[in-house]
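**Q** Sequence first, then the predicted structure:
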Amino acid sequence: MRHTIALVLAASAALAACSDNSDQAVVENVTTADIEEAPANDIGFMEARETGPLASSPPPPTRPVQNQAADASAEPIPSSAGEIPVSMPQIAYRYALGFRLPADAIKPLQEKHADMCVARGPQMCRIISMRQADADGDYAYGSLQLAVAAEIAREFSNELEKSSGSVDGELVSSSIEGEDLSKQIVDTEARLRARTLLRDRLMEVLRTRRGSVKELVEAERGVAQVNQEIDQAQSWLNEMRGRVAFSQMAISYESGQRSAGGFAEPIRDAWNSLGSIFGSMIAFLILALATLGPLALLAFAGWKIWRGVRGNREGTEGAPPEDLPTANPS
């Protein structure tokens, strides 16, 4: 009989757990998985794990059916003009525009585009960098880097294209690229919530002073490490949200093909290359002397020795024989 009652109680508890709110179950599962990352070798950390949301906070009381219907009818409908929910795609866009126009019109058009960005205000458009350079002949180029609010980026790029017609410029290249950051943002937010909860548990252990001195020191180290991870996650999250909120727009200006320089260009190139040619010749002579000099000295010394030995041998063979003593006749 006791076994039967136990089985009935277990089945009732399982049905009650299944009837809880699904959103609350997801949050509890994520929190439990993150709390398990805390070190379990010290008493303080074990207490931080055991005081999770499942053990500390009781389930919310069940509301009557009629009250639930009244509350559901009284809940405000979320406005479409509010903050974008995390469940929607979080895409960071990059725009690229390339204009071709006369060389003397690059700087005025570049400044005009910069003024158009400034007129939008820093909340909608920001100048990141601006470069302009002239080259020989009729060739010139420039670049402009902007950060434009995502909701007006497409419209602003069309305005930039229309403004180039006043200086005989044309749009020769354009591209739009997007990077989906939804998963990275959701993962970073979940990690940030888990680390914040773990830090609160460790701070509770430090406030209550439960455990030995060694355990408290380990808890302080854990708090420092978790704070570092929280700061890093917040930095990543802010950077990704900034990329989603502001689209990068790269604008390039070019006056056509680079000029060859005419008749004087080859002569100028040859004259400028004389220094490098003379330097290469001197470097070759230095290497030749450093390599062939010792070999030449060895060859000269060997030749002198050979001449000396040969001269001594020839002198010995060509000398007249000495007069032998003659016997006196008796």
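**A** Received, thanks. Remember, it's a predicted structure, so these values are computed and weren't measured experimentally. Numbering: from 1, shown residues only.

**Q** how much space between the residue nearest to residue 230 when sequence neighbours are not counted and residue 184?
**A** Closest residue in space to residue 230, ignoring its immediate chain neighbours: residue 195 at 4.9 Å, by Cβ to Cβ, 6 or more residues apart in numbering. Glycine gets a C-beta too; all of them are placed from N, C-alpha and C. Distance, residue 195 to residue 184, using Cβ to Cβ, to the nearest Å: 16 Å.

**Q** Same question for residue 284.
**A** Counting by Cβ to Cβ, the separation of residue 284 from residue 184 is 58 Å.

**Q** number of nearby residues for residue 225?
**A** The local packing of residue 225 (other Cβ atoms under 10 Å) involves 14 other residues.

**Q** re the thing from before, more neighbours: which of residue 284 and residue 184?
**A** It is residue 184, of residue 284 and residue 184, that has more neighbours when counted by other Cβ under 10 Å, with 14 against 10.

**Q** can you tell me the helix or strand for the more buried one?
**A** Assessed by DSSP states H and E, residue 184 sits inside helix 182-208.

**Q** which helices and strands does that helix pack with?
**A** If you count contacts as 3 or more Cβ pairs under 8 Å, 6 or more residues apart in numbering; DSSP states H and E, helix 182-208 packs onto helix 22-35, helix 43-50, helix 213-245.

**Q** Surely residue 112 and residue 163 touch.
**A** Yes: using Cβ atoms under 8 Å, residue 112 is in contact with residue 163, at 6.0 Å.

**Q** helices and strands of this structure: which one bottoms out on pLDDT?
**A** In the chain, the helix or strand scored least confidently by mean pLDDT, DSSP states H and E is helix 22-35, which has a mean of 36.

**Q** before we move on, back to that, next one: the residue nearest to residue 230 from residue 182, what distance?
**A** To residue 182, residue 195 is 21 Å away according to Cβ to Cβ.

**Q** Between these two, which has more neighbouring residues?
**A** residue 195 (22 against 15).

**Q** Give me the distance between the more buried one and residue 215.
**A** According to Cβ to Cβ, residue 195 stands 20 Å off from residue 215.

**Q** Over to residue 143?
**A** 59 Å.

**Q** Between those two, which is the more surrounded one?
**A** Applying other Cβ under 10 Å to residue 143 and residue 215 shows that residue 215 carries more neighbours, namely 19 against 16.

**Q** give me the low-pLDDT residue ranges for this protein?
**A** 1-87, 135-138, 256-265, 314-330 (pLDDT under 70).

**Q** can you give me the strands for it?
**A** Ranges of strands in the chain, per DSSP state E, are 91-100, 125-134, 140-149, 170-180, 246-254.

**Q** closest to residue 280 out of the ones you listed?
**A** Residue 280 lies closest, by Cβ to Cβ, to one member of the strands of the chain: strand 125-134, at 30.7 Å.

**Q** what residues does the closest one touch?
**A** With contact meaning Cβ atoms under 8 Å, 6 or more residues apart in numbering, strand 125-134 is reached by 103, 106-107, 110, 114, 116-118, 140-149, 152, 156, 246, 248, 253.

**Q** how big is the angle separating it from strand 140-149?
**A** For strand 125-134 against strand 140-149, the angle by axes from the mean of the first three to the mean of the last three Cα atoms, to 10 degrees is 170 degrees.
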